[in-house]
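K.L.:
following is a predicted model, sequence given first.
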Amino acid sequence: MELNDGNLQTLTEFLRKTLDPDPSVRRPAEKFLESVEGNQNYPLLLLTLLEKSQDNVIRVCAAVTFKNYIKRNWRIVEDEPNKVSDPDRTAIKANIVNLMLSSPEQIQKQLSDAISIIGREDFPQKWPDLLTEMVTRFRSGDFHIINGVLRTAHSLFKRYRHEFKSNELWSEIKLVLDTFALPLTELFKATIELCQTHATDINALKVLFSSLTLISKLFYSLNFQDLPEFFEDNMETWMTNFHGLLTLDNKLLQTDLVSNAIQFLASVCERPHYKHLFEDQNTLTSICEKVIVPNMEFRSADEEAFEDNSEEYIRRDLEGSDIDTRRRAACDLVRGLCKFFEGPVTAIFSGYVNSMLSEYAKNPGENWKHKDAAIYLVTSLASKAQTQKHGITQANELVNLNEFFVNHILSDLKSPNVNEFPVLKADAIKYVMIFRSQLPKEHLLQAVPLLISHLQAESTVEHTYAAHALERLFTMRGPNNTTLITPAEMAPFTEQLLNHLFKALALPGSAENEYIMKAIMRSFSLLQEAIVPYIPTLIGQLTHKLLLVSKNPSKPHFNHYLFESLCLSVRITCKANPTTVSSFEEALFPVFTEILQSDVQEFLPYVFQVMSLLLEIHSNSIPSSYMALFPHLLQPALWERTGNIPPLVRLLQAYLEKGSATIAGSAADKIPGLLGVFQKLIASKANDHQGFYLLNSIIEHMPPESITQYRKQIFILLFQRLQSSKTTKFIKSFLVFVNLYCVKYGAIALQEIFDSIQPKMFGMVLEKIIIPEVQKVSGPVEKKICAVGITKILTECPAMMDTEYTKLWTPLLQALIGLFELPEDDSIPDDEHFIDIEDTPGYQTAFSQLAFAGKKEHDPIGDVVGNPKILLAQSLYKLSTACPGRVPSMLSTSLNAEALQFLQGYLQAATVQLV
């Protein structure tokens, strides 16, 4: 694609169509952009548009498209083609910083994100001048440009807060500090001075304080791993100014900066070597009174977010998003202080809590915010350690949580009007949720029906919290690892629970509420067969919802839990009655067909998993509706997307398991296509194991005559891959395949196919691969397959007894006894590092495994062989009766003593003696 006006015009038209609400206009435009994004100059055309287009909408659209293009394609993945040409990479890095800094804020943010994605891959090695280019802009004096630099630096450096210590990380941080620490400190001082100069100008202050907020975040990131020498030397500059900001009382400003400064205090007070700074009772009282209590208040901004921007409020409050709130910072400071001063701090705050609660009691209608602050303070005081899974796991002994629950929380939960004081209701629900591991079971059971009634509240935050609290309670484990709350205890509320959850999805603002959908999934999982009577109604509601969200998937978590709920419906109902699978297919196939035809990429991996689940429930036959789809599943385009590979392989395995005879009969012309998929997968280091899953199913299930003509070619492909790149993962899969082939077709067939490719090849494979590497095989089923396969080679292959292969007989037996008795060899050569499936470039629909579509582990040998050690003993006995004297003499001359001892044990257990 050349950089010319014609291409810019075409691109503009297609970008405009991608904004069209009508899917029949939007989808083809998205498809077109997807088809041209591999062309050289495509990203440069987007950058030209976002710089020069006269239409602001197109500029923003080009910026978003460019950022997503970078997200999908910038990372270079081993074994896969480079998706961005080298000239484009160079041109992008040469222009993007300039472009980002000269663009309006909306576009600047997108380009800043793109720079941090590129930076994560290329900085510092492949983009050494990035920081110097950015730092020089501090001198511009233009805070639009300065904030652009700070925002980009923040997105690059914030990962230092959670990276593991390593030499590579230290050297990167050192390089950053050498270039960045001094200019950042100078900028900090200059910005503080400007704040004093413009103390009465609200607009100037807003910009300056947004810079100070970003500077504080950068300071935090750069000091997180350790305190660098530069900042230690300049601590006075930073701390004096931080102190000034903490005590600043400019009524024009209510900013994030305070929360950043408090956050910094919180991290300092937790460190033992700063403990002395806080020991004085007056200091503690002053921090509690002047810093913590005022910042615990529910501000008008919080109230606005609670009512009008509930999604953001929930994200901040429940998930702790990047946007730090003052309350959260104050809460962290309380926890930090409690680490060393729990007694005095608890005593100081108990007084505050009591006075806040008595203020509330005087006039609840007016003073409800006092109770809100009291609950928040108690929560901060009591929480010592918290996990997502269990809520608060360690609590402050000095706070009586049960008493507070009974006296102050229960009344709000029991209030008959669920829409009155929604903030206090949300506080009460959150209290139950976070202290669920501390409250006794009877309190939790008392709360369940109350939480169910709160699902009907008009307030989005309130009904979301109710759903989230129920979902968390349902995951709790009791003694003997069953759920704490049992289906029997839920029986009186089951109908109301399901009813209210589905109704809550119809409340304004909650049509795609992920917390409600997760609660539906968890309720199904807890209640199990108790949901069966309701499924005919609920499946209709779930499929209707699926049809709606498939038009424009925008909430990945919601969609994931929706598919999980569908899987649970299928699994639970079909467990009780497998014949109901056809009624699920009738309900789901029309929606699935639409998703497949419209190519809704985000949903395809899910659809394949649900289809696998349905097909695996069928007894050994395959419905014609599945066979009609079979040819489409082999289309190369589907296999280009990484996220489709694991679920598609599983689906094809289900086809082979249930319909191999049908495929061999009426779809034999598709077998080359099936093997084509195997060939593609085997060529990739990331996906070769998936290729083996498919190949093993072909060997196990397809009628032997249907694949006779392809067998030799399969082995040749595997040998070619072994020669070009032999990895541990490939070897392990190869060993399992070779032994499965031997189990299925016999040891003679295995020896003959190897030797037909090249004379004496069988011996080479035994000597160079099977004997030295079999110890690496992991997994009970995989080990069993190898054990049975090797036993057959030892005892059912005449060539092993009477040719030059005989010298390998004892080493092979020794290797098999090692597989039984020695620990698994899990060493991996230094030069091997695999790209995990999850690690492939971000934006492409990654594969999301549905927990409730899980596949049972399949053992191709099954009960035919119970104990492979006994099989070995019996097979050796049979061999020794066929050629008396040979086996004992081979054992006594070259098998080592320890192995021989183990073998004697197997023979005794099988009650046989060699002759």
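P.N.:
Thanks, I have the structure now.
K.L.:
Phe584 contacts Ser569, doesn't it?
P.N.:
Yes - assessed by Cβ atoms under 8 Å, Phe584 is found in contact with Ser569 at 7.4 Å. (Each C-beta comes from the backbone N, C-alpha and C, glycine too.)
K.L.:
and what about Gln225, helix, strand or coil?
P.N.:
coil (DSSP: H, G, I helix; E, B strand; the rest coil).
K.L.:
wait, it touches Phe157, no?
P.N.:
No - at 10.8 Å, Gln225 does not count as touching Phe157 under the criterion of Cβ under 8 Å.
K.L.:
which one's more surrounded, the two?
P.N.:
Phe157 (21 against 15; other Cβ atoms under 10 Å).
K.L.:
mind checking how far Val677 is from Pro884?
P.N.:
From Val677 across to Pro884, the span is 50 Å (Cβ to Cβ, to the nearest Å).
K.L.:
just Tyr877 next, same as before
P.N.:
Taken as Cβ to Cβ, the span from Tyr877 to Pro884 is 11 Å.
K.L.:
common neighbours of these two, please.
P.N.:
Common contacts of Tyr877 and Pro884 (Cβ atoms under 8 Å, 6 or more residues apart in numbering): Val915.
K.L.:
for those two, indicate the residue with more neighbours.
P.N.:
Ranked by neighbour count (other Cβ under 10 Å), Tyr877 and Pro884 place Tyr877 first, with 18 against 10.
K.L.:
check which helix or strand that one maps to.
P.N.:
Taking DSSP states H and E as the criterion, Tyr877 maps to helix 868-882.
K.L.:
could you list every helix and strand that the helix or strand following that helix packs against?
P.N.:
Moving toward the C-terminus from helix 868-882, the next helix or strand (DSSP H and E) is helix 886-894. If you count contacts as 3 or more Cβ pairs under 8 Å, 6 or more residues apart in numbering; DSSP states H and E, helix 886-894 packs onto helix 809-821, helix 868-882, helix 897-909.
K.L.:
of all the ones you listed, which lies closest to Glu594?
P.N.:
helix 868-882 (48.5 Å; Cβ to Cβ).
K.L.:
and that closest one with helix 809-821, angle?
P.N.:
Between helix 868-882 and helix 809-821, the angle comes out at 160 degrees (axes from the mean of the first three to the mean of the last three Cα atoms, to 10 degrees).
K.L.:
any idea of the angle helix 868-882 forms with helix 897-909?
P.N.:
For helix 868-882 against helix 897-909, the angle by the same axes, to 10 degrees is 90 degrees.
K.L.:
OK, contacts around Trp127?
P.N.:
Here Trp127 is in contact with Lys93, Ile118, Gly119 (Cβ under 8 Å, 6+ apart).
K.L.:
run the last query once more with 6 Å
P.N.:
Lys93 (Cβ atoms under 6 Å, 6 or more residues apart in numbering).
K.L.:
now it. Its backbone dihedrals?
P.N.:
Main-chain torsions, Trp127, degrees, to the nearest 10: phi -140, psi 60.
K.L.:
so how far is Gln446 from it?
P.N.:
In terms of Cβ to Cβ, Trp127 sits 59 Å off from Gln446.
K.L.:
and Glu752, by the same measure?
P.N.:
73 Å.
K.L.:
higher neighbour count, the two?
P.N.:
Gln446 (17 against 14).
K.L.:
tell me the secondary structure at that one.
P.N.:
In three-state terms, and counting by three-state DSSP, Gln446 is helix.
K.L.:
burial measure for Asp129, as a count.
P.N.:
12.
K.L.:
if you could redo that for Tyr745, that was the one I meant.
P.N.:
16.
K.L.:
going forward, the N-terminal residue is numbered 22.
P.N.:
Happy to do that; since the first residue is 22 now, the last one works out to Tyr766.
K.L.:
now it: closest residue in space, sequence neighbours ignored.
P.N.:
Of all residues not flanking Tyr766 in the chain, Pro725 sits nearest, at 6.9 Å (Cβ to Cβ, 6 or more residues apart in numbering).
K.L.:
need the pLDDT of that neighbour.
P.N.:
As predicted, Pro725 sits at a pLDDT of 95.
K.L.:
might you list the low-confidence residue ranges for this structure?
P.N.:
270-278, 341-346, 405-415, 417, 850-867 (pLDDT under 70).
K.L.:
what ranges does it have for its strands?
P.N.:
Under the criterion DSSP state E, the chain carries strands at the ranges 404-408, 412-416.
K.L.:
ok, back up a step: from Ser754, how far out is the residue nearest to Tyr766?
P.N.:
Taking Cβ to Cβ, one finds Pro725 at 22 Å from Ser754.
K.L.:
compare neighbour counts for the two and give me the winner.
P.N.:
A count of neighbours by other Cβ under 10 Å puts Ser754 above the other of Pro725 and Ser754, at 23 against 12.
K.L.:
that one and Glu803: what is the separation?
P.N.:
9 Å.
K.L.:
what's the neighbour count on Ser192?
P.N.:
Neighbours of Ser192 (other Cβ under 10 Å): 11.
K.L.:
equivalent analysis for Glu424, please.
P.N.:
Neighbours of Glu424 using other Cβ under 10 Å come to 9.
K.L.:
number of residues surrounding Glu463?
P.N.:
8.
K.L.:
how near is it to Gly59?
P.N.:
Distance from Glu463 to Gly59, by Cβ to Cβ: 62 Å.
K.L.:
next one: Val228
P.N.:
Counting by Cβ to Cβ, the separation of Val228 from Gly59 is 41 Å.
K.L.:
tell me which of these two has more neighbours.
P.N.:
Val228 (17 against 13).
K.L.:
now do the contacts for the more buried one.
P.N.:
Neighbours of Val228 in contact, by Cβ under 6 Å, 6+ apart: Phe164.
K.L.:
can you give me the end-to-end distance of stretch 699-711?
P.N.:
One end of stretch 699-711 sits 8 Å from the other (Cα to Cα, to the nearest Å).
K.L.:
quick one: contacts of that stretch?
P.N.:
Asp100, Ile666, Val670, Gly712, Leu715, Leu716, Leu738, Arg742, Phe751, Ser754, Ile856.
K.L.:
what separates it from the chain centre, distance-wise?
P.N.:
How far stretch 699-711 lies from its chain's middle: 23 Å, per Cα atoms, centre = their mean, to the nearest Å.
K.L.:
and stretch 482-493, by the same measure?
P.N.:
Relative to its parent chain, stretch 482-493 has a centroid offset of 22 Å by Cα atoms, centre = their mean.
K.L.:
likewise stretch 327-340?
P.N.:
Worked out by Cα atoms, centre = their mean, stretch 327-340 lies 22 Å from the chain centre.
K.L.:
can you check stretch 922-934 too?
P.N.:
Mean-position distance between stretch 922-934 and its chain equals 49 Å (Cα atoms, centre = their mean).
K.L.:
ok, now stretch 551-569?
P.N.:
For stretch 551-569, the distance to the chain centre is 27 Å (Cα atoms, centre = their mean).
K.L.:
do the same with stretch 496-504
P.N.:
Between the centre of stretch 496-504 and the centre of its chain there are 25 Å (Cα atoms, centre = their mean).
K.L.:
same check, this time on stretch 372-387
P.N.:
44 Å.
K.L.:
burial of Glu142, as a residue count?
P.N.:
Residues near Glu142, counting by other Cβ under 10 Å: 14.
K.L.:
longest helix in this protein, please.
P.N.:
When the chain is parsed with DSSP state H, its longest helix is helix 347-383.
K.L.:
and that one, what's buried?
P.N.:
Judged by neighbour count (16 or more other Cβ atoms under 10 Å), helix 347-383 contains these buried residues: 347-359, 361-363, 365-367, 369-370, 373-374, 377-378, 380-381.
K.L.:
quick check: which helices or strands does that helix pack against?
P.N.:
Applying 3 or more Cβ pairs under 6 Å, 6 or more residues apart in numbering; DSSP states H and E, one finds that helix 347-383 contacts helix 277-290, helix 314-317, helix 385-403.
K.L.:
of those helices, give the one that comes closest to Pro204.
P.N.:
helix 277-290 (19.6 Å).
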